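Q: A structural model of the following input is requested.
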Amino acid sequence: MTKSWKPDFSWMKRPFDESDVREKFWPTVKRAASYVPFMEDVVAAYYCALDNRTPLRAKAVMFAALAYFVMPADAVPDVLVGIGFTDDVAVLTAALAAIRAHLTPAHRLAARAALADRG
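A: Below you'll find the predicted structure:
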């Protein structure tokens, strides 16, 4: 009797949380930089989500979008060159539109500096 193949969903055994986003954010930014034309806004939103002054609802929206961005598997796998980040771009665009009022000049400045340091 042959064993049937079963997909590995071990990464889904626990929900993504803030520590997952923090751990995987910068490597994903580096990989996606050439595919996401508004990466500075994404990084500013990351800093906004970490800011204690940001309202909880805005933090939740941004962390959900950032978790989707850093997840190893999503609707369109990120390993597909050219199209892998298209779904991530759509999710991030919607999240940024929802929280844009909470992005401060300090978040944008921190994003610019972080991208310059890592670039």
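
Q: Show the low-confidence segments of the protein, by residue range.
A: 1-17, 72-85, 119 (pLDDT under 70).

Q: Could you find the closest non-adjacent residue to the residue positioned nearest the centre of it?
A: With distances taken as CA atoms, centre = their mean, the residue of the chain nearest its centroid is residue 66 (2.7 Å). For residue 66, ignoring the flanking residues on the chain, the nearest one in space by CB to CB, 6 or more residues apart in numbering is residue 21 at 4.8 Å. (Glycine included, C-beta is placed from N, CA and C.)

Q: Which strand or helix spans that neighbour?
A: Element membership of residue 21, judged by DSSP states H and E, is helix 18-32.

Q: which helices and strands does that helix pack with?
A: Judged by 3 or more CB pairs under 8 Å, 6 or more residues apart in numbering; DSSP states H and E, the packing partners of helix 18-32 are helix 39-50, helix 56-70, helix 105-118.

Q: The second one relative to helix 18-32, how many degrees between them?
A: If I follow you right, that is helix 56-70. 50 degrees (axes from the mean of the first three to the mean of the last three CA atoms, to 10 degrees).

Q: Contacts made by helix 56-70 with the rest, please.
A: The contact list for helix 56-70 (CB atoms under 8 Å, 6 or more residues apart in numbering) reads 16-18, 20-21, 24-25, 28, 32, 42, 45-46, 48-49, 54, 74, 88, 91-92, 94-96, 98-99, 102.
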